[in-house]
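[1] Predicted model follows, preceded by the sequence.
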Amino acid sequence: MFGPPASLVIWKKRDRRDSFARAMTASLDLAARLLRLLPPEAAHRLALRGLSLLPVRAAGRGDDPILATRVLGIDFPNPIGLAAGFDKSAEVFARLPGLGFGFVEVGSVTPRPQVGNPRPRLFRLSRDRALINRMGFNNDGLAAVAARLAARPGAERRVLGANLGKNKDSADAAADYAAGVKALAPLADYLVVNVSSPNTPGLRALQGREPLAALLAAARAARGAERPPLLLKLSPDLTEADKADVAAAALAGGADGLIVANTTVARPATLRDPAAREAGGLSGRPLFAPSTAVLADMYRLTGGRLPIIGVGGIGSAEDAYAKIRAGASLLQLYTAFVYQGPGLVERIKRGLAARLRADGFGRVAEAVGADHGGRPV
Ligand SMILES: Cc1cc2nc3c(=O)[nH]c(=O)nc-3n(C[C@H](O)[C@H](O)[C@H](O)COP(=O)(O)O)c2cc1C
């Protein structure tokens with residue numbers, strides 16, 4: 001009867017939970033720093049092993065309500081997602097929301113398992129805060145990934161995307177994507193047709209007007225129903241004509257949303273690290289400006305009518321906010337997570353919430369496309 005008031009007990013409990021979470025994040029950031037002493041692919045394997053030991057936690061616990069957003073008919077506790085390529089074979093996806101991500105995308109998954117390109121195939125450009133990869137869709141294949149997703153704990157809400165690719169030796173790209181859609185549509189909240197990885201010969205040519213229309217038609221036919229939403233992931237290296245073609249195909253009903261962008265085959269003159277010579281796709285800080293420019297172009301070309309996930313070089317709250325203002329409804333990151341560790345996610349969320357408030361926005365959606373003079377729809 002004379003115990004502490006209930007609010008104090010709750011506050012103390014929350015305080016204990018918060019300091020536990022802070023200590024946990026600090027040790028994970030330290031672990032991420034130590035991992036960077038290893039060769040990059042070994043570090044990635046070890047990170048996956050370590051993450052598989054984390055407890056499964058619900059997404060969105062403690063997220064600032066200003067960050068909650070509804071896109072593609074899906075509720076996201078916050079707009080910061082982990083990009084494709086980190087958890088290609090869906091080994092740790094259930095642990096990642098515990099690091100603060102609002103959603104996670106597994107893949108790219110190909111119909112049959114694939115070993116990918118010979119090693120070394122992943123390079124750090126530490127001086128440029130960048131990575132170059134030519135992994136070549138190494139993954140365990142649709143059957144294994146579908147089994148892991150089917151076994152996911154269902155009680156806690158978290159948003160999961162599945163990114164689809166084609167096998168290197170497959171002659172029928174449309175059939176590969178259709179197989180991916182059939183296998184994973186019942187198991188994912190959204191699907192991604194990835195025609196933009198630079199490391200599968202001929203893949204990016206599928207972004208041309210005719211092949212793209214045929215591919216999207218096959219993917220939609222395989223889905224059968226209206227859901228889950230089907231997104232198209234684009235290269236940042238598209239020409240002006242490509243961008244107009246893609247926008248037309250997507251608006252003609254081919255895609256429910258876009259992801260802009262994948263890694264680039266360009267090598268900006270600013271790169272200083274000797275590893276810049278390696279072949280493959282460049283990600284991280286040097287990708288921020290070019291990928292944000294393509295994002296703004298696609299927002300303009302689609303009249304803001306298709307939700308866009310903005311990805312490429314996000315490493316701070318400022319970057320995240322700039323992508324939203326350029327037209328992104330949701331965001332993803334990968335490379336900065338490698339360099340800065342999991343604490344980055346909380347830092348971005350805090351900074352983003354503060355920036356939204358400072359500019360008088362009540363929700364993420366109000367700021368989408370703000371640089372274009374407000375939402376056209
Ligand atoms: C090692 C590595 C592997 C990747 N694998 C994939 C993939 O399988 N499918 C895909 O769509 N994107 C893949 N990506 C691209 C990322 O999803 C993302 O689009 C790109 O890295 C830009 O974001 P960032 O600058 O935050 O890393 C990969 C990126 C890296 C660094």
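    Received it, and whenever you're ready, just let me know what you need.
[2] got any ranges where the protein has weak pLDDT?
    Along the chain, the parts satisfying pLDDT under 70 run over 1-18, 20-21, 56-61, 153-157, 374-377.
[3] Enumerate the residues of it near the ligand.
    Near the ligand, the residues belonging to the chain are 83-85, 88, 107-108, 122, 131, 133, 135, 137, 163, 194, 197, 233, 262-263, 283-284, 287, 311-314, 333-336 when assessed by Cβ under 6 Å from any ligand atom. C-beta: built from backbone N, CA, C; applies to glycine.
[4] So which of these belong to helices?
    335-336 (DSSP state H).
[5] Using neighbour counts, give me the buried entries of the residues of the chain next to the ligand.
    83-85, 88, 107-108, 122, 131, 133, 135, 137, 163, 194, 197, 233, 262-263, 283-284, 287, 311-314, 333-336 (16 or more other Cβ atoms under 10 Å).
[6] isn't residue 316 right up against residue 350?
    No. Counting by Cβ atoms under 8 Å, residue 316 stays clear of residue 350, with 11.2 Å between them.
[7] Same drill for these two, tell me which one is more crowded.
    Counted by other Cβ atoms under 10 Å, residue 316 and residue 350 do not tie: residue 316 has more neighbours, with 18 against 13.
[8] if we can go back for a sec, give me the subset of the buried ones among the residues of the chain next to the ligand lying in strands.
    If you go by DSSP state E, these have 107-108, 122, 131, 133, 163, 194, 233, 283-284, 311, 333 in strands.
[9] Once you drop chain neighbours, what's closest to residue 301?
    In this structure, residue 301 finds its nearest non-sequential neighbour in residue 247, 3.7 Å apart by Cβ to Cβ, 6 or more residues apart in numbering.
[10] With residue 103 instead?
    Nearest one to residue 103, counting by Cβ to Cβ, 6+ apart, is residue 159 at 3.7 Å.
[11] same thing with residue 117?
    Closest residue to residue 117 apart from its sequence neighbours, by Cβ to Cβ, 6+ apart: residue 136 at 3.7 Å.
[12] and if you look at residue 262?
    In space, residue 262 comes closest to residue 196 once its chain neighbours are excluded; the distance is 3.8 Å by Cβ to Cβ, 6+ apart.
[13] count of residues packed around the one you found?
    Around residue 196 there are 25 residues (other Cβ under 10 Å).
[14] who's in contact with it?
    Going by Cβ atoms under 8 Å, 6 or more residues apart in numbering, residue 196 touches 203-204, 207, 233-235, 261-262.
[15] between these, which is closest to residue 72?
    residue 233 (14.3 Å; Cβ to Cβ).
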